[in-house]
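> Next one to model:
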Amino acid sequence: MDQLDEQTMQMAEEQITLERKKLPSLNLLPEEERKRIVHRVIILTTPMIIHEDNNLRARGTEIISDFSKTVGIATMIDVMRHDINDMDEYVRNGAAVCFSIVASTLGIPAILPLLRETCWNMKSWQARHTGIMIVHKIAILMRSTALLVGSDAIQPHLVSLMEIIEPRLKDETKKVRTITTLAMDVLTEVAAIRY
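Numbering: from 1, shown residues only. Predicted coordinates for the structure are as follows:
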């Protein structure tokens with residue numbers, strides 16, 4: 001990590017530490033204030049969760065996970081929903097990683113309705129692309145989990161995820177078809193892991 005990057009991350013972590021102190025009382029705050037805090041934390045944490053440094057990614061993942069457990073799936077979806085259609089791929093990629101962490105923390109079934117909605121959104125290829133990126137990121141996390149503890153706990157979700165994204169293999173947008181192929185490949189790898 002270069003010095004500027006390190007300084008930026010340190011400043012972000014200091015701000016996140018201040019916001020994390022609010023975690024115990026976060027659900028006592030008015031809804032709009034709670035959403036504002038969660039949104040701020042996501043903005044500050046996104047560079048960490050997509051960074052190449054494993055330690056930074058782990059810290060960012062822990063932060064998103066803690067906030068997800070505290071505020072729940074509805075607030076997390078509400079706060080990040082607008083990023084799904086963003087024209088900036090960096091923003092969409094950050095949202096995909098965040099959503100995969102939320103799914104890992106709160107359970108894949110909690111996020112399936114959102115995935116169906118985004119992956120089948122025919123008005124926005126960006127939404128479809130982001131929805132499938134979320135599945136791809138979830139699949140990568142599932143693969144890691146399956147390699148560590150076996151695939152029995154993961155198998156029930158594979159069919160649902162594949163059914164959601166499989167039609168996008170014939171999508172009109174090449175980027176959507178490409179990410180769908182990548183996601184299907186990782187899901188297939190997970191399905192093949194047996195202990």
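> Provide the contact partners of stretch 12-20 at residue level.
By CB atoms under 8 Å, 6 or more residues apart in numbering, the residues outside stretch 12-20 that reach it are 37, 40, 41, 44, 45, 47, 48, 59, 63, 66. Using the backbone N, CA and C atoms, a C-beta is placed for each residue, glycine as well.
> Give me the pLDDT value at the last one.
The predicted local confidence for residue 66 comes out at a pLDDT of 93.
> Just give me the longest helix of the chain.
In the chain, assigned by DSSP state H, the helix with the most residues is helix 125-149.
> Quick one: buried ones out of the contacts of stretch 12-20?
For these, a burial check counting by 16 or more other CB atoms under 10 Å picks out 37, 41, 44, 45, 47, 48, 59, 63.
> Restricted to helices, list those.
Going by DSSP H, the helices hold 37, 41, 44, 45, 47, 48, 59, 63 from the buried ones among the contacts of stretch 12-20.
> Export the residues you listed as JSON lines, with columns for pLDDT.
Shown next, in JSON lines, are those (pLDDT from 0 to 100):
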{"residue": "37", "pLDDT": "91"}
{"residue": "41", "pLDDT": "91"}
{"residue": "44", "pLDDT": "89"}
{"residue": "45", "pLDDT": "91"}
{"residue": "47", "pLDDT": "90"}
{"residue": "48", "pLDDT": "89"}
{"residue": "59", "pLDDT": "89"}
{"residue": "63", "pLDDT": "92"}
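> which residues in the protein form helices?
Counting by DSSP H, the helices of the chain are 3-20, 31-49, 54-71, 73-80, 89-106, 108-119, 125-149, 155-165, 174-192.
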